[in-house]
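Participant: Could you work out the structure for the sequence below:
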Amino acid sequence: MGGNAGTQTMTVTVRALATRDLDIYNAARIIRREAGVGLFNGVAFALLIAIAAGYWFDNPQLGGVVAAAMVINMFAAAMAGILIPLLLDRAGADPAISSTVFVTTTTDVIGFFSFLGIATWWFNI
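Facilitator: Numbers count the residues shown, from 1 in each chain. Alright, predicted model coming up:
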């Protein structure tokens, strides 16, 4: 889920950079907007996934762990999707060529670590 959300945000960001719709003057506003969208998507999908996982595995605590990890991952995906192309563009690299591998890696790593970290913490309390 995070990889798809991050790739979508990255695609829109790269297009905005290419068409000059995204610049230093409106970047902060757009980053805040993407952060809000990431949190909203995270919470919305977390509720759906938590209910499904809780019923499927007959373990509401597992549903909660999955939900928390989903919120973290979707927020991180939104942030990676906008910040990585901006940073690459600022560094002089073509974000259309090099953003995807960084965004996907970021969302995968954060997704695995958030889920496994929260599960380890929660079930060892």
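Participant: count of residues packed around the closest residue to residue 27 other than its chain neighbours?
Facilitator: The spatially closest residue to residue 27, leaving aside those adjacent along the chain, is residue 86, at 6.5 Å (Cβ to Cβ, 6 or more residues apart in numbering). In this view, the C-beta of every residue, glycine as well, is placed from N, C-alpha and C. Per other Cβ atoms under 10 Å, the neighbour tally for residue 86 reads 20.
Participant: And residue 43, by the same measure?
Facilitator: 14.
Participant: so it makes contact with residue 72?
Facilitator: No: with contact defined as Cβ atoms under 8 Å, residue 43 does not reach residue 72; the gap is 11.2 Å.
Participant: List the contacts of the most centrally placed residue in the chain.
Facilitator: By Cα atoms, centre = their mean, the chain has its centre lying nearest to residue 77, at 1.6 Å. Contacts for residue 77 (Cβ atoms under 8 Å, 6 or more residues apart in numbering) come out as 1-3, 5-6, 9, 38, 103, 106-107, 110.
Participant: what's the closest non-adjacent residue to it?
Facilitator: Using Cβ to Cβ, 6+ apart, the nearest residue to residue 77 is residue 6, at 3.6 Å.
Participant: how much space between that neighbour and residue 100?
Facilitator: Distance, residue 6 to residue 100, using Cβ to Cβ, to the nearest Å: 9 Å.
Participant: More neighbours: which of those two?
Facilitator: residue 6 (32 against 18).
Participant: Test my guess that that one contacts residue 103.
Facilitator: Yes: contact criterion Cβ under 8 Å: residue 6 and residue 103 qualify, at 4.5 Å.
Participant: Residues in contact with both of the two, list them for me.
Facilitator: 77, 80-81.
Participant: nearest to residue 123, of the residues you listed?
Facilitator: The nearest member of those to residue 123, counting by Cβ to Cβ, is residue 77 at 25.1 Å.
Participant: and residue 12, what is it in contact with?
Facilitator: Per Cβ under 8 Å, 6+ apart, neighbours of residue 12: residue 81.
Participant: quick one: what helix or strand has it in it?
Facilitator: Take DSSP states H and E as the rule and residue 12 turns out to sit in helix 2-18.
Participant: Sweet, I'm off.
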